[in-house]
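Undergrad: can you look at this prediction? I've put the sequence above it.
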Amino acid sequence: MPLGTPKQKLKKQGKAPTKWTSFWDMHSGGSLKTEFAFIFIEAPEGEAKIVFYNRFGFNPERISCSCCGGDYSIDEGDSLEQMTWFHRGCRAVEQKRGEDGLCKPLPKGVNYYLEAGEDPPPGFTASAGWREGKYQTLAQFLKGTSTMTEPKAKICVIRAKDIKARIRRGCWKPPLAFPTTWSTIAG
Ligand SMILES: [Zn+2]
């Protein structure tokens, strides 16, 4: 199977590259914050946080429990495949350390994870072991039964075409300064 980053694959298909932001519920305080274990929004991170706020009614950077930390682990990436590779049990491409002790960089255009049937690039290896055999395709993952990281996962995917213009606007601003006490932005 040919290797290529999601961005390159989109380019080949003649589609404009987009951005996805993932919100992985951290169970801060011991429970899910919505009915979903994962929320994926097709927008760059800043805009996705506004969409999240307008859709779910609370700040995704909220800290419900100061001992557990943030409600969500928030990341931005190029595709749903890339945002979910870890949770789907994909093998990771292992980078070898050179004589200088530093990891050899991946060749350009090569993903750091492997879908089923993909091989690591020449000179690199892939992680094995417990992740193997539990691999999920993106379609299986999005059905949301269970994942590598969430035994019962309902998954919400909000695509760009489904985001109304008024939902993209908002008064979202990043927190002014991160509180040093970890206890002041709950609720
Ligand atoms: Zn806690």
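TA: Sure, I can see it. On a predicted model such as this, the values are computed, not experimentally measured, just so you know.
Undergrad: so which helix or strand takes in the spatially most central residue of the chain?
TA: In the chain, the centroid-proximal residue (CA atoms, centre = their mean) is residue 83; its distance is 3.5 Å. Using DSSP states H and E, residue 83 falls within helix 80-84.
Undergrad: give the burial count for residue 29, as a bare number.
TA: Residues lying near residue 29 (other CB atoms under 10 Å) number 16. In short, each C-beta sits where N, CA and C put it, glycine included.
Undergrad: quick check: chain neighbours aside, which residue is closest to it?
TA: residue 65 (3.6 Å; CB to CB, 6 or more residues apart in numbering).
Undergrad: can you pull up the bridge partners for that neighbour?
TA: Residue 65 has the following beta-bridge partners by DSSP bridges: residue 69.
Undergrad: how close does it sit to residue 82?
TA: 30 Å (CB to CB, to the nearest Å).
Undergrad: ok, back up a step: is it correct that the residue nearest to the centre of the chain is in contact with residue 40?
TA: Yes. Assessed by CB atoms under 8 Å, residue 83 is found in contact with residue 40 at 6.3 Å.
Undergrad: from the contact counts, what lies against whichever helix in the chain runs longest?
TA: Determined from DSSP state H, the single longest helix within the chain is helix 45-56. The contact analysis (3 or more CB pairs under 8 Å, 6 or more residues apart in numbering; DSSP states H and E) places helix 45-56 against strand 20-25, strand 38-41, strand 72-77, helix 165-168.
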